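# Provide a 3D model corresponding to the input given below.
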Amino acid sequence: MHDINHHTHNLPHSTYITMSFDISSHIRTELRDAADPATKKTFQRFFKEEVKFYGVKTGTVGKIAQKYWKNVKSKDKQEIFQVCEDLYRSGYCEDAFVVSFWVPHLKDRFEPIDLSVFKRWIETYISNWAMCDGFCNHTIGDFIEKYPESIDELKRWTQSKNRWVRRASAVSLIVPAKHGKYLDNVFEITDRLLTDTDYMVQKGYGWLLKEASRHHQNEVFAYVMRNKKVMPRTALRYAIELMTKNMKADAMKKDW
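Residues are numbered from 1 along each chain as shown. Below you'll find the predicted structure:
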């Protein structure tokens, strides 16, 4: 079969870089121009670590991302990935949010090899929970829906030295879990993260359990009760958030 992307695949690497630099620099200029002092002032309080941001409202970032998506969507996937990587390099949250907006639009073009690209992006460029969750909830969530066998790779991520890769192993299943899917895999990933000492990882898997409890409250409650002796309180509180008053009281009781 004739490869319709044959010609773009043969573009010199420098051509990709020039194209990506042009697009990403235009996006950055628009984001800087759209910065709002009030937004900038309130943004940092959502994070314990120092984060880089222009101070652009989420809705405005979405509009800018949408505008430039029209320019790039017909390009070769690798070229779009190149622009995404260039956006990530700045370290600014809003640049990362553009990537999180764009990549799910490529889900029909995802291939199994793309997961290794996504993992490398998380390891290299993700530096706070907002970047992590914005990317994983939809991009990797959509990828898993297309390639459910890749959940085995997420299980391997639980052992990463990188806190954001470990958090990603949980939050990538948030959207499917919200719809009642993959419960056994949710518990298996949670088992592997159960005693993780990083509070960002604890919050991540606690959130996953919370979403799984929407359709499987009794199973998640039983899981929490079985593990509450070793489960960090941060994770436990997230996990039981949607449960009944009595369930919450039972789960929080130190009865051992």
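
# Am I right that F221 is in contact with M243?
Yes: between F221 and M243 there is a contact under Cβ atoms under 8 Å: 6.2 Å. The C-beta positions use only the backbone N, C-alpha and C, and glycine is treated the same way.

# if I look at the two, which residues touch both of them?
Counting by Cβ atoms under 8 Å, 6 or more residues apart in numbering, the shared contacts of F221 and M243 are S213, A251.

# The stretch 151-256 of the chain: helices as residue ranges?
Per DSSP state H, counting those that start in this stretch, the stretch 151-256 of the chain carries helices over the ranges 151-157, 163-171, 174-178, 183-193, 199-212, 217-227, 233-239, 245-252.

# Buried deepest among those helices, which one?
Of the helices of the stretch 151-256 of the chain, the one with the most neighbours on average (mean count of other Cβ atoms under 10 Å) is helix 163-171, at a mean of 26.

# Packing partners of that helix?
Helices and strands touching helix 163-171, as assessed by 3 or more Cβ pairs under 8 Å, 6 or more residues apart in numbering; DSSP states H and E, comprise helix 114-125, helix 129-135, helix 151-157, helix 183-193, helix 199-212.

# nearest to K41, of those helices?
Each of those has some distance to K41 by Cβ to Cβ; the shortest is helix 129-135, at 16.5 Å.

# Not counting its own residues, what contacts the closest one?
In contact with helix 129-135 (Cβ under 8 Å, 6+ apart) are residues 46-47, 51, 93, 96-97, 99-100, 103, 118, 121-122, 125-126, 164, 167-168, 171, 174, 200, 203-204.

# what does the average pLDDT come to for it?
For helix 129-135, the mean pLDDT works out to 98.
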